[in-house]
Structure formats: C-alpha cells, structure tokens
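Asks: Give me a model of this one.
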Amino acid sequence: MKNNGIDLKKIGFVFFHNARKKDIVFSGLVLLLSAALYLMPTGFEERLPQNTEQVEGRIIAVDNSHLEQHGLVFSGTQSMEVELLEGRWKGQIVQTGNHFLGKMELDRVFEPGEHALMNVSFNGDVITWAHTADHYRLRVEFILLCLFALFLIAYGGFFGFQAILSFLFTALVLWKVMIPLTLKGVDPILLSFLLVCILSAVILFLVAGLSRKALVALAGATVGLGITALMSVYSTYLFKVSGAVRPFSETLLYSGFSHVNLTSIFIAGVVLSASGAVMDLAMDIAAAMNEIVHHHPEISRKELFLSGNNIGRSVIGTMTTTLLLAYSGGYLAMLMLFMGQGIPNVTIINMNYVAAEVLHTIVGSFGLVLVAPITTIAGTILYIPGGRRRIKTLSSRSGPPDPPKV
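Replies: Presented below is the predicted three-dimensional model:
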C-alpha cells in the first residue's frame, strides 16, 4: 500500500523487523498502563490561586533604571512590558515587574524579545495582576524530546520505540506514584525498592523482549538492588548523614510536610540513583552471555560461567568510575569552593555534604560489584538448564557414525 509515493507496508516491515508478536503485545500493555498513569490523579494537582492562569508572553520593553548590580548579584526591580501570546488575552500588553532577591539561582534577567512564563490573575475579562514566573522553556524542551525520540526510532525502529516507552513509563511511575506516596507518608525506602524492581522488570522486558536474557538480567538487577538498599540503610547510620544535605529538603518540611523523614528520602535516592547503573551492568552481562550461548551452544556451564566472570570484570571498572563522575559532577562548584578557601582535605572529606556523596558512590559501586557475579550465576543456570541440551546439540552435529577401521 502506497500513500503519496510512500510505501507504508515497507515502512511497517522495517519498523517491526525482528519484533516478535508477544513483545509487541507487551509494549502495547505498557503503553496502556502509561496512559492510565498519566490520567491518574495524585492528590496534589496544580494549585494556582483562583482566577489565575499561566500563559506564554514575549518581552517587548525593559526598564532597568531601578536595577543595581553588585558584582555578579543583582538587586532592585526590572519594569517590563509583556505581550501575552495565548489565552483569552492573546495580543494584549501588560505592565509587570521582575523583583530580584540577591540569589543567582533564583533571580533571572530578562531582555527584549525573550519569552517568559506569565502568571496572570483576572476578574472576569479584566487582568488585575501579571507576574513573570520564569523564562519560557517548554517549547525547547518539547523540541529536544521529539528529536531524542526521532533519533531513537530512526536508529532502533521498534526497539527504539520500546526504549522511549521505558523512558516514559519510568518518568510517570516516579511522578505519579513515588513522589505522591512519599508525600502521603509511605516509607520511601521500601517504596523505592519495590518500584525500582517493577521498573527493572518492565524496562528489561521491553529492551530485551520476553526472553531468557531479560530474566537473567532481572535476577541480577533485583538481587543487586536489594543489597544496595540494605547497605544504604546501614551506611547512612554509620555515616550519621542527615537527609537535609539535599537541596530543598528543609523547604519541604516547612511547606506542610513535616511528617516526612528526610534521611529515609536520602536513602531512597541512593537506591534510585544506583538502579540505572545496576540494570545496565546486568543487561550487559546477560546479553553477552546470551550471544556466547547462541554462537556456541555446545559450551559447558563452567566455560560459560568463566566467560561471564571475565565480561563482568571488564565492565565493572568503567561502571564504578561512571558513578563517581556522575555524582561528583553535581557538586563540582562546592568542591571548588572548599579547595579555593584552602580547607584541609580531611575537613572536606568529613563534611556532611561530601560524606553523603562518598556514601552515594561507594554504596552504588558495591551494588555494581555484586550484581556482576550474581548475573553470571543466573545466566549459567538459565541459559544452560542441564546437560541434556549439550548432549542433544552434540549428537545433532555429529552426523552419521564413522565406518569401522580395518
């Protein structure tokens, strides 16, 4: 079937190439579940003040006469004229002010021609108040997300679509389940472990299909995450680290959620952060062992186990370094500040913030080190269930018996 010169049948064949029917059905179920999560209320829906809407606006003119700069910090107010670009007031121009707090992470400077997210209060059809919430980034974010999805689908076809689906499903589970339940008082440690196990199953079965390879990776990832969770609890107790080391933690307590346990949330964050690398390592080993068995079905369990161990040793080194770089990158400015002030290294390492990152890195690395042999053992058991397969394979390859020698 062709549509305007495009062979849709050929495109469909390329997209679903090597995709099995059961994997397509499973992906459809995950897509339906993602839609249900998207529509599911959290109990913490948007709480804008009554008669207030958020719309996009374009900065037309800026008056900086009441704005003062002290080094890198601004103080005072910007007066601006903003044209509203959507909603019932599209095309209307409003006057607003941009007030500075003297904090670079919260303040923003607007220039003519830039777009801003506007909070507009109204009474009937009359605007009573308008405020610039922040720079308008939704369009750029949407474009980047679409480009990311297109590249994945162009490269991986149906498997790229499954990768996007796993990304979407993970984001929805965290936003619609993990965060609301934690705010409602559910134990974040147990909740994070259960959700990460569920996410691991869905992601691995999406990526590897409903196959033995996914089961091997899931077995290794689940055990590795369980060990990571236990070590996180014990190590946090030994390190005497408070969950207040994370940004906005105290603000959360003073926002009406004093019942939440910041330390438990910190531990849950360690488990969540390590889960991605654990799944990655488990799938690397499971996929490599699967290829070995596929190309050498006569391989023995001992040989497969040794091969899996060699693969795990090769991957562990880079994965642990990946965790170190990922975690330290978020605190680069803080470490630069400590070094620039000449603070002794012993003091730096002993600080609450730095100790939390040390815990984060070491516990996550422990999970990686342990998940490698566990995945190898699972692969050795599941890929070669018993000796019958090897005997059967050898007999099928042996051919007719050789004639007796004279």
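
Asks: gap between residue 116 and residue 326?
Replies: Distance of residue 116 to residue 326, computed by Cβ to Cβ, to the nearest Å: 32 Å. For glycine as for every other residue, the C-beta is placed from the backbone atoms N, C-alpha and C.

Asks: So between these two, which is more surrounded?
Replies: Ranked by neighbour count (other Cβ atoms under 10 Å), residue 116 and residue 326 place residue 116 first, with 22 against 15.

Asks: Read off the pLDDT value for that one.
Replies: Note for residue 116: predicted pLDDT of 91.

Asks: Apart from its neighbours in sequence, what residue is nearest it?
Replies: Spatially, and ignoring its direct neighbours in sequence, residue 116 is nearest to residue 132 (4.5 Å; Cβ to Cβ, 6 or more residues apart in numbering).

Asks: Would you mark the buried spots in the helix or strand containing that neighbour?
Replies: Remark: residue 132 resides in strand 126-135, with elements defined by DSSP states H and E. Within strand 126-135, the residues that qualify as buried by neighbour count (16 or more other Cβ atoms under 10 Å) are 127, 130, 131, 132.

Asks: Residue 95 in helix, strand or coil?
Replies: At residue 95, secondary structure determined by DSSP: H, G, I helix; E, B strand; the rest coil is strand.

Asks: hey, C-alpha coordinates of stretch 36-45 in PDB?
Replies: Only the C-alpha atoms of stretch 36-45 are listed here, as PDB (Å, rounded to 0.1, in the frame of the first residue of the first chain):
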ATOM      1  CA  ALA A  36      -3.500   5.200  32.800                       C
ATOM      2  CA  LEU A  37      -0.700   6.600  35.000                       C
ATOM      3  CA  TYR A  38      -0.800   9.900  33.100                       C
ATOM      4  CA  LEU A  39      -4.600  10.300  33.700                       C
ATOM      5  CA  MET A  40      -4.400   9.100  37.400                       C
ATOM      6  CA  PRO A  41      -4.800  11.900  39.900                       C
ATOM      7  CA  THR A  42      -2.000  12.200  42.500                       C
ATOM      8  CA  GLY A  43      -3.900  14.200  45.200                       C
ATOM      9  CA  PHE A  44      -1.500  17.100  44.700                       C
ATOM     10  CA  GLU A  45      -2.900  18.600  41.500                       C
END
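
Asks: Neighbours of residue 263, how many?
Replies: Residue 263: 19 neighbours (other Cβ under 10 Å).

Asks: residue contacts, it?
Replies: 236, 241, 242, 243 (Cβ atoms under 8 Å, 6 or more residues apart in numbering).

Asks: one more time with 10 Å
Replies: By Cβ atoms under 10 Å, 6 or more residues apart in numbering, the contact list for residue 263 reads 188, 189, 233, 236, 237, 240, 241, 242, 243, 244, 245, 249.

Asks: which SSE is the fifth one in?
Replies: What it means is residue 237. Here residue 237, judged by DSSP H and E, is contained in helix 212-239.

Asks: Longest helix in this structure, by number of residues?
Replies: As assigned by DSSP state H, the longest helix anywhere in the chain is helix 262-295.

Asks: Need the CA coordinates for stretch 229-243. PDB is fine.
Replies: The C-alpha atoms that make up stretch 229-243 are tabulated as PDB, following Å, rounded to 0.1, in the frame of the first residue of the first chain:
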ATOM      1  CA  ALA A 229      19.200  -0.900  49.700                       C
ATOM      2  CA  LEU A 230      20.400  -2.800  52.700                       C
ATOM      3  CA  MET A 231      23.900  -1.200  52.500                       C
ATOM      4  CA  SER A 232      22.400   2.200  52.100                       C
ATOM      5  CA  VAL A 233      20.400   1.900  55.300                       C
ATOM      6  CA  TYR A 234      23.400   0.600  57.300                       C
ATOM      7  CA  SER A 235      25.900   3.000  55.800                       C
ATOM      8  CA  THR A 236      23.700   6.100  56.400                       C
ATOM      9  CA  TYR A 237      23.500   5.100  60.000                       C
ATOM     10  CA  LEU A 238      27.300   4.700  60.300                       C
ATOM     11  CA  PHE A 239      28.000   8.000  58.400                       C
ATOM     12  CA  LYS A 240      25.500   9.900  60.500                       C
ATOM     13  CA  VAL A 241      24.300  11.600  57.400                       C
ATOM     14  CA  SER A 242      21.100  13.700  57.500                       C
ATOM     15  CA  GLY A 243      18.700  13.900  54.600                       C
END
